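Peer 1: sharing a model prediction with you, sequence too.
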Amino acid sequence: MKEERRFTEGAILEPLMRFALPVMFALFLQAMYGAVDLFVVGKFAAPEDVSAVSTGSQITLTLGNLISSLAMGTTVYLGHQIGMGNAKRGGEIIGASVALFLSVGAALSVSVPFLAAQIASAMNAPPEAFAQTMAYIRICGGGMIAIVAYNLLGSVFRGMGDSSTPLLTVFVACLCNIAGDFLLIAGLGLGAAGAAVATVAAQLVSVAVSLAVIARREYPFEFRRSMIRFAGGVIRRILKLGVPIAFQDLLVGFSFLVIQAVVNDLGVVASAGVGVSEKVCGFIMLVPAAFMQSISAFVAQNIGAGKPGRALAALRSSIAVSFVFGVGMCLLSFFGGQILCGAFAKDADIIAAGAEYLRAYAIDCLLTCFLFCFIGFYNGLGTTRFVMVQGIVGAFCVRIPVCLFMSRWEPVTLFHIGLSTPCSTVAQIALCFLWLAWVRRKTPYLSEDSTQTTPM
């Protein structure tokens, strides 16, 4: 593999932006997976199929985010080693990660399809869409090992400062997904099941392309097949970093599943409308999501190199850039919700429901630029237990209670239910600022005066 990118010297904003842009485009293409599914289903299938994809994709998104968050342990650990000039240990870290994550992927690929009916029932899938929802969950669940492999490979690339290779692989896979959707849904009329098959097939292609790229490059460290083993010390360190992130993402994802279940009780139109809105959100939140991943690798290398001042400067730069985009996305989603949702559905009632829910998310566009960058900063710092705590507080002390309260406030509207998300974000941002103040007071090394910083 090409030499890893070093973030510990020189300018701050320029290399951070060069790293974040491929991450953002990769996230855009990943969002296209579900968006294209919903677009084609919305145009060529029944509302029941739209509801099934909306509900089922929430399940697969939650599981995918769980794996991606757990793999952040690999990204941060590898980044710390590179920052300390100890990249040669990378082979051991990657080998242990492969052994760990392939086991997790195999377990999910067996258990999720087996529990598909129970999951659909727990999600309150509308009766007329129950069979389609169960089929979507079963098919995507069977392909979880491919999703796990993709997220692991991406975490390794990012830990070495390479965000371009994941962009290449997901681009190829996205093209395959689009072709599969039109063939299986528009051409063969398979509805939600066709969307699931196309998604899994595209993930497999992504993994295959990643492995082909790896085989043709040289590593900045030695890596042998014999290194793929359960190295206890390495796995414990990966889990110590990754489990808190994964646990908070699991519970945050669960809180959104609760919202989906509450909305499902309102009927197929509301269920499909929220699903459409969630797909739109995948695009309007791209910039802060890209910085959340990028700043983790940047901060990890600088903390490893003993340069926390550069890490703090990167946090400020990320928030500033994200906020500029956040203002634009807020205005677009608040006033242009009908147009945005209309890209993924043809039913006027579904479009109206999605636009109503999206107006609440417009408020969140102004807030996530702070929260996502803080989360990326704390992940790179290695204080992942705090990331877990603030996520749990936001999900269970704010988001779910507000959602349940709004679902009983007559008249019940999707806008009011959607307000549960920006309410939780405000609480989480407050915790992040308080924690930063406490850490800088209690931890002398985390100070801009403790190391030189280079102007942006």
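Peer 2: Looks like it arrived, so ask away.

Peer 1: report the central residue of the chain.
Peer 2: The centroid of the chain falls nearest to Asn65 when counting by Cα atoms, centre = their mean (4.9 Å).

Peer 1: need the pLDDT of that residue.
Peer 2: pLDDT recorded at Asn65 is 75.

Peer 1: same deal with Val439?
Peer 2: So, for Val439, pLDDT stands at 76.

Peer 1: can you tell me the helix or strand for it?
Peer 2: helix 420-442 (DSSP states H and E).

Peer 1: mind giving me the packing neighbours of that helix?
Peer 2: helix 348-365, helix 368-381, helix 384-392, helix 400-406 (3 or more Cβ pairs under 8 Å, 6 or more residues apart in numbering; DSSP states H and E). (C-beta placed from N, C-alpha, C; glycine too.)

Peer 1: TSV for those, including distance to Ile137 and mean neighbour count?
Peer 2: Formatted as TSV, the helices and strands packed on helix 420-442 follow (distance: least, Cβ to Cβ, whole Å; neighbours: other Cβ atoms under 10 Å):
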stretch	distance to Ile137	mean neighbour count
helix 348-365	21	23
helix 368-381	28	26
helix 384-392	24	22
helix 400-406	22	18
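
Peer 1: got those as CSV, with distance to Pro113 columns?
Peer 2: Below are those laid out as CSV (distance: least, Cβ to Cβ, whole Å):
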stretch, distance to Pro113
helix 348-365, 28
helix 368-381, 31
helix 384-392, 28
helix 400-406, 28
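
Peer 1: all strands in the stretch 101-250 of the chain, in order from the N-terminus.
Peer 2: Here the stretch 101-250 of the chain has no strands by DSSP state E, counting those that start in this stretch.

Peer 1: the helices and strands packed on helix 420-442: which one's closest to Val50?
Peer 2: The closest of the helices and strands packed on helix 420-442 to Val50 is helix 348-365. By Cβ to Cβ, the value is 6.7 Å.

Peer 1: and that closest one, what does it pack against?
Peer 2: Checking 3+ Cβ pairs under 8 Å, 6+ apart, helix 348-365 ends up next to helix 268-284, helix 308-335, helix 337-342, helix 414-418, helix 420-442.

Peer 1: now do the buried residues in the third one.
Peer 2: If you call a residue buried by 16 or more other Cβ atoms under 10 Å, then helix 337-342 has these buried ones: Gly337, Leu340, Cys341, Gly342.

Peer 1: follow-up on the earlier one: now mean pLDDT and distance to Leu190 too, for the helices and strands packed on helix 420-442, in a markdown table please.
Peer 2: As requested, the helices and strands packed on helix 420-442 are exported to a markdown table (pLDDT from 0 to 100; distance: least, Cβ to Cβ, whole Å):
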| stretch | mean pLDDT | distance to Leu190 |
| --- | --- | --- |
| helix 348-365 | 88 | 20 |
| helix 368-381 | 88 | 35 |
| helix 384-392 | 87 | 37 |
| helix 400-406 | 91 | 33 |
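
Peer 1: wait, what's in contact with Leu431?
Peer 2: Val389, Gln390, Val393, Gly394 (Cβ atoms under 8 Å, 6 or more residues apart in numbering).

Peer 1: brain fart, Ser68
Peer 2: So, once contact is read as Cβ under 8 Å, 6+ apart, Ser68 ends up touching Asn151, Gly154, Ser155, Asp249.
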